[in-house]
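>>> with the sequence up front, the predicted model follows.
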Amino acid sequence: MRSREDRSDHEPTADALRRAFAGLLSRDVPLANVGGSAIPSVEVANVASDGSSLDLVLTFRVGERYCCSQLGCHLDLRSPEAWAKIRGRMDANGLTTVSLPTVRRVHTAVEPGALFDPGGLRSGPLSSPGQFAEDGPFFPAIGP
């Protein structure tokens, strides 16, 4: 039987998974050059003990400027390329022995007052009244 210390070296952590997904979102931000973070915050929830499944929570914050709130724009979990990038981010966060997780649900929360600039509007960003959406499940897919 392995000791608790041995298990902790091999079990995935919610924080390492959060860093992996957040690192994916922090790349290629379309509005980074016009101000605002343009990166929704990422949290993981309901992580299976072996890391095989989880829920994601994306939050678009009040006063921050984004291109849109569409899941496919920020985190396209239907794309094999996205899963390959997730694998790379997991490896970079010490999760080399952990399989790609099934994302059971993605909860997208847009806070009232989050700013959106779809298509690079010339008249300034639109302020959101707020909304909540869910999507999923998403199963790991790696292309040929």
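Structure's in. What do you need? Numbering: from 1, shown residues only.

>>> my read is Gly88 is in a helix, agree?
Yes: counting by DSSP: H, G, I helix; E, B strand; the rest coil, Gly88 is part of a helix.

>>> got a list of what it touches?
Under the criterion of Cβ atoms under 8 Å, 6 or more residues apart in numbering, Gly88 has no neighbours. All C-beta atoms are positioned from the backbone trio N, CA, C, and that covers glycine.

>>> what about Asn46, how many residues nearby?
11 (other Cβ atoms under 10 Å).

>>> excluding chain neighbours, what is closest to it?
Asp55 (4.6 Å; Cβ to Cβ, 6 or more residues apart in numbering).

>>> just the element for that neighbour, please.
Element membership for Asp55, per DSSP states H and E: strand 53-60.

>>> which other helices and strands contact that strand?
Counting contacts by 3 or more Cβ pairs under 8 Å, 6 or more residues apart in numbering; DSSP states H and E, strand 53-60 packs against helix 14-25, strand 41-45, strand 102-110.

>>> point out where the chain drops to low pLDDT.
1-12, 26-37, 119-122, 143-144 (pLDDT under 70).

>>> isn't Arg65 right up against Ile39?
No: using Cβ atoms under 8 Å, Arg65 and Ile39 do not qualify as a contacting pair, with a distance of 10.4 Å.

>>> tell me the secondary structure for Ser123?
Going by three-state DSSP: Ser123 is coil.

>>> ok, now which ones touch the residue nearest the centre of the chain?
By Cα atoms, centre = their mean, the chain has its centre lying nearest to Phe21, at 4.4 Å. The contact partners of Phe21, taken as Cβ under 8 Å, 6+ apart, are 42, 44, 56, 75, 86, 89.

>>> understood, closing this out.
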